[in-house]
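J.: Here's a sequence, model it:
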Amino acid sequence: MIKFSKFILFQTVIIFLMLLFPVLSWGIDYVKEILCAFLLSTINVMVGYYLVIDSFAKKNADFYKTVYGGMLARMVFIFGFTIFMINSSYLESIPFVLSLMFFYVIHQWTEISFWLKNLEGKTIEV
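T.: The predicted structure follows:
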């Protein structure tokens with residue numbers, strides 16, 4: 001988990017350095033939306049990674065309950081949070097949703113690649 005957290009932090013620094021000029025040039029009005037989307041996506045990926053790694057040693061049925069139940073809970077939370085923040089006019093919808101999708105795709109790619117590295121050759125108890 002620590003190696004994954006360090007990689008997410010490193011990846012974040014790289015993304016922010018790459019996006020620094022475009023955001024400061026054209027998107028300074030949307031910094032709040034970008035940061036909120038980033039934090040939401042980061043929390044999502046950390047919880048998801050923890051659930052998979054933690055439940056991998058459990059029985060098959062418990063593993064699937066944890067993974068799919070956690071996925072459903074995270075999706076409902078992200079959807080609810082997004083709707084609440086947009087309807088309450090705390091965030092602009094288009095920059096927030098585009099930023100959320102951008103960070104979500106990058107973080108999911110990272111999470112899945114770490115699963116493949118860490119869980120290679122392991123099996124789930126039946």
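J.: any idea how far residue 62 is from residue 11?
T.: From residue 11 across to residue 62, the span is 30 Å (Cβ to Cβ, to the nearest Å). Yep, even glycine has a C-beta here, placed from its N, CA and C like the rest.
J.: Tell me the helices and strands packed up against the helix or strand encompassing residue 95.
T.: Per DSSP states H and E, residue 95 falls inside helix 93-118. In terms of contacts (3 or more Cβ pairs under 8 Å, 6 or more residues apart in numbering; DSSP states H and E), helix 93-118 is packed against helix 2-26, helix 31-55, helix 60-87.
J.: any low-confidence regions in this structure?
T.: Regions of the chain meeting the criterion pLDDT under 70 cover residues 1, 120-126.
J.: could you redo the last one with a cut-off of 90?
T.: Within the chain, the segments meeting pLDDT under 90 span 1-35, 46, 48-64, 67, 95, 99, 107-126.
J.: Measure how buried the closest residue to residue 62 other than its chain neighbours is and give me the count.
T.: Closest residue to residue 62 apart from its sequence neighbours, by Cβ to Cβ, 6 or more residues apart in numbering: residue 55 at 6.5 Å. By the criterion of other Cβ atoms under 10 Å, residue 55 has 18 neighbours.
J.: Since that was my last question, I'll sign off now.
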